[in-house]
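Got a predicted structure here, sequence first:
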Amino acid sequence: MKQINVAEVIEGSKFNSFHLSVLLWCIFLILFDGYDLVVYGSVIPTLSQEWGTAPSILGLIGSLTLVGGLIGSLVCGVVADKVGRKKVIITCVALFGTFTLLTGLAKGPVDFAIYRFLAGLGLGGIPPLLVVLTSEYSPKSIKNMMVGIMFSGYSIGGILVSLFGMKVIPELGWEWMFFIGTIPLLALPFLIKYLPESLYYYVEKEEHEKAKEIVARLDPCYIPHDTDRFIMNLSTSGVPVVKLFEKQRGRSTIMFWIACFMGLLMVYGLGTWLPQLMIEAGYPLNSSLLFLCCLNIGAIIGSICGGWLADRIGSKRVLISYFSIGAVCLVLLGFKPGSLFLYVLVAIAGAATIGSQNLNNAYISMFYPTQIKSTGLGWALGIGRFGAIVGPTIGGLLIEWKFPLYINFLSFAIPAFIAAISISFVQNKHKSTKNLELGPVVNGYRKID
C-alpha cells in the first residue's frame, strides 16, 4: 500500500489549469461578496434623500449587515469542518443571493435592515472559506500571491459598484444595484458541478477515490492505484484556541487580532461612507462614486504587488509599510488637495487599507503551523469582524455630528497607525529555537516545526 502526503503534493505542485480554476471560482465569489458589501455605500446618498433616514441610522443598518456577517463567519467555519467547505459555500451563495434580491424590493428602512442582516449571514461565511480553499490549493512558492490575487476580486466588486452606480442609480433606481448583486444565483448549477471540495476534507473522511481525482489534477504525472492511501499529518477539525498562545505565539496572536480589528474597521468604514464623505466635501454623486472606484483600483494593485513583495522580502515589512503609508494618505485626504493628487491619495489609501487586510490574511495563514492555520485565521477574522461592525457606525456618527472633513479622515487614519504598530510587534517566525520542536535533517538542514 502506497501512502501519499497530500500537503507535500499540493505544496510541491506546479501551477496548472486546476489551480487556475480554483483561483477563478474564488475570485468570482469574492467579487460578488465584495460587490454586495460595498453596494450599500453607493446607495446611501439616495436612500438618505428618499427615506429621510438619519446618517446614524443608515450607519447602524450597515453595521447590522456585518453583525450577520460575524454570525455567519463563526457558524459556517464550524459547519464546514463537518460537512465540507463546498456545501457551505454553495449554501452561503444561495442565502445572500436570495436576500439581496429581497433587499432591492424593500419599501422602507425596517425591512431593508432585516434583509441586509440575513444577507450578511451568507456574506460572512464566504471569505474565510475562500481564503482557506485558495491557500490549501496554492503551491508553496506563490501562496501569498495566490491569496492576494484572489482577494483582488473583492476590489473588482467595488469597482463594478462604482461603474454601475454612475449609470444605474440615476436611470433605473437604487433597487437595480441589488438586483445585479444576485447574479451568483444563476451560477449555482456550475458551482455545484465545478467548484472543488477541500482535498484535506476528502482525506479526513477517507473518501480516497475523490482524493485520487484531485491529486491527479494537481500532479499530471500521478498514476492512481487501488491500494493508494492518503495522509496529511494534521487534523482539519477544530483546534483549541489555546494553541494559538503556545510556543511563544501569544503576543503575535494578540497583535494579529488588533491589526484585523483596525484593518476591517477601515475597509468597511471607508467602503460604506467614502461616497457620502466626498458629497459632504462638495463633490457630486458621480465624482464621489469615482473615488470609490479609485479606492478599489488601488486595492487591486496593492494586493497583487504586495503579495509579490511579501513572497520576496516578507509579509511583515510590507504590511508595516502599507499601513503607515495609508495612514499618511488618509490624513492628507482631509485637507482636500488638488484633483489629481486627490485621486492618487485615494488609490494609495485603497492599497493600504483593503490591500493591507488582504495581505494580513495571507500572513496569518502562513504564520501558524499547518494544524492550527484555520483556527488562527478564523479567530483573527472573527475579532476583526467587530471592527467591521464598528466602522460603518463611526462613519455615520461623524457625518451626523458635522465634524470637519479632516477629522473624519483622521478618524480612519488612526486605526492604520495602530495596525502598523501592531504588526511591528508580531514575532518573526522561528526567530528563536527555544521551546521549538526540531524535526529531522533534510538536505543537510534540520527542519524546524
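On my side now, so go ahead.

Okay, and the nearest residue to residue 76 once chain neighbours are set aside sits in which element?
Closest residue to residue 76 apart from its sequence neighbours, by C-beta to C-beta, 6 or more residues apart in numbering: residue 125 at 3.1 Å. All C-beta spots, glycine's among them, are computed from the backbone N, C-alpha and C. Using DSSP states H and E, residue 125 sits within helix 109-136.

buried sites along that helix?
109, 112-136 (16 or more other C-beta atoms under 10 Å).

quick check, distance from it to the centre of its chain.
On the basis of C-alpha atoms, centre = their mean, to the nearest Å, helix 109-136 is displaced by 11 Å from the centre of the chain it belongs to.

Just give me how far the following helix or strand past that helix sits from the chain centre.
Sequence order places helix 143-172 as the next helix or strand after helix 109-136, per DSSP H and E. Mean-position distance between helix 143-172 and its chain equals 13 Å (C-alpha atoms, centre = their mean).

what helices or strands is helix 143-172 leaning on?
Here helix 143-172 touches helix 17-51, helix 109-136, helix 175-180, helix 285-313, helix 339-367, going by 3 or more C-beta pairs under 8 Å, 6 or more residues apart in numbering; DSSP states H and E.

And those helices, which one averages the lowest pLDDT?
Of all the helices and strands packed on helix 143-172, the minimum mean pLDDT falls on helix 285-313 (a mean of 82).

Output the lowest mean pLDDT helix or strand found in the protein.
strand 445-448 (a mean of 38; mean pLDDT, DSSP states H and E).

now the stretch 51-200 of the chain, which segments are flagged as low pLDDT?
Residue ranges of the stretch 51-200 of the chain with pLDDT under 70: none are present.

show me what contacts the residue nearest to residue 76?
Listed by C-beta atoms under 8 Å, 6 or more residues apart in numbering, the contact set of residue 125 reads 72-73, 75-77, 88-89, 91-92.

I figured residue 388 hits residue 66, correct?
Yes. Using C-beta atoms under 8 Å, residue 388 is in contact with residue 66, at 4.6 Å.

who touches both of those two?
Residues touching both residue 388 and residue 66 (C-beta under 8 Å, 6+ apart): residue 268.

Can you give me the neighbour number for residue 20?
Residue 20: 10 surrounding residues under other C-beta atoms under 10 Å.

Distance check, the residue nearest the centre of the chain against residue 114.
The centre of the chain sits closest to residue 127, judged by C-alpha atoms, centre = their mean, with a distance of 5.3 Å. Per C-beta to C-beta, to the nearest Å, residue 127 is found 23 Å from residue 114.

do you know how far residue 211 is from residue 46?
To residue 46, residue 211 is 50 Å away according to C-beta to C-beta.

just residue 404 next, same as before
According to C-beta to C-beta, residue 404 and residue 46 sit 25 Å apart.

who's more crowded, these two?
Legend: neighbour count by other C-beta under 10 Å for residue 404 and residue 46, higher for residue 46 (17 against 10).

For that one, which non-adjacent residue is closest in space?
residue 174 (4.7 Å).

list the contacts for the one you found?
Here residue 174 is in contact with 43, 46-47, 50 (C-beta under 8 Å, 6+ apart).

Could I get these in a markdown table, plus columns for distance to residue 217?
Shown next, in a markdown table, are the contacts of residue 174 (distance: C-beta to C-beta, whole Å):
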| residue | distance to residue 217 |
| --- | --- |
| 43 | 42 |
| 46 | 46 |
| 47 | 46 |
| 50 | 50 |
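
from those, which would you call buried?
Burial by neighbour count, 16+ other C-beta under 10 Å: within those this picks out 43, 46-47.

Roughly how far does the nearest residue to residue 343 once chain neighbours are set aside sit from residue 166?
In space, not counting the residues next to it along the chain, residue 343 is nearest to residue 294; the distance is 5.2 Å by C-beta to C-beta, 6+ apart. Distance of residue 294 to residue 166, given as C-beta to C-beta: 13 Å.

With neighbour numbers in mind, choose between those two.
Between residue 294 and residue 166, counting by other C-beta under 10 Å, residue 294 is the more crowded of the two (21 against 18).

where's the closest residue to residue 18 other than its chain neighbours, which helix or strand?
Spatial nearest neighbour of residue 18, excluding adjacent residues (C-beta to C-beta, 6+ apart): residue 217 at 4.1 Å. Using DSSP H and E, residue 217 falls within helix 208-218.

which element follows that helix toward the C-terminus?
strand 229-231.

just to revisit the earlier point, report how many residues lie close to the residue nearest to residue 18.
Residue 217 is flanked by 19 other residues according to other C-beta under 10 Å.

Find me the pLDDT at it, would you?
Reading off the model, residue 217 has pLDDT 86.

circling back: list the buried ones in the helix holding residue 217?
For helix 208-218, burial by neighbour count (16+ other C-beta under 10 Å) applies to 208, 211-212, 214-215, 217-218.

and if you look at stretch 382-401?
Buried residues in stretch 382-401, counting neighbours by 16+ other C-beta under 10 Å, are found at 382-396, 398-399.

do the same with stretch 22-33
Applying a neighbour-count criterion of 16+ other C-beta under 10 Å, one finds 22-23, 25-33 buried in stretch 22-33.

Looking at those, which is nearest residue 344?
residue 31 (24.8 Å; C-beta to C-beta).

I'd like the distance between the closest one and residue 158.
Distance of residue 31 to residue 158, computed by C-beta to C-beta: 9 Å.

Check the burial of residue 12 by counting its neighbours.
13.

my guess is it contacts residue 141, does it?
No. The pair residue 12 / residue 141 is not scored as a contact, 9.6 Å apart, by C-beta under 8 Å.

For residue 253, which of the helices and strands packed on helix 143-172 is the nearest?
Nearest of the helices and strands packed on helix 143-172 to residue 253, taken as C-beta to C-beta: helix 339-367 at 9.1 Å.

which element follows that closest one toward the C-terminus?
Next along from helix 339-367, by DSSP H and E: helix 373-400.

now that following helix against helix 109-136, angle please.
On the basis of axes from the mean of the first three to the mean of the last three C-alpha atoms, to 10 degrees, helix 373-400 is oriented at 150 degrees to helix 109-136.

Show me which of the buried residues of stretch 22-33 is closest to residue 224.
Of those, the one sitting nearest to residue 224 (C-beta to C-beta) turns out to be residue 22, at 20.2 Å.

quick one: contacts for that closest one?
Residue 22 neighbours (C-beta under 8 Å, 6+ apart): 133-134, 137, 196.

give me that answer again for 6 Å
Applying C-beta atoms under 6 Å, 6 or more residues apart in numbering to residue 22 gives the contacts residue 137.

mind checking how far it is from residue 313?
Distance of residue 22 to residue 313, given as C-beta to C-beta: 27 Å.
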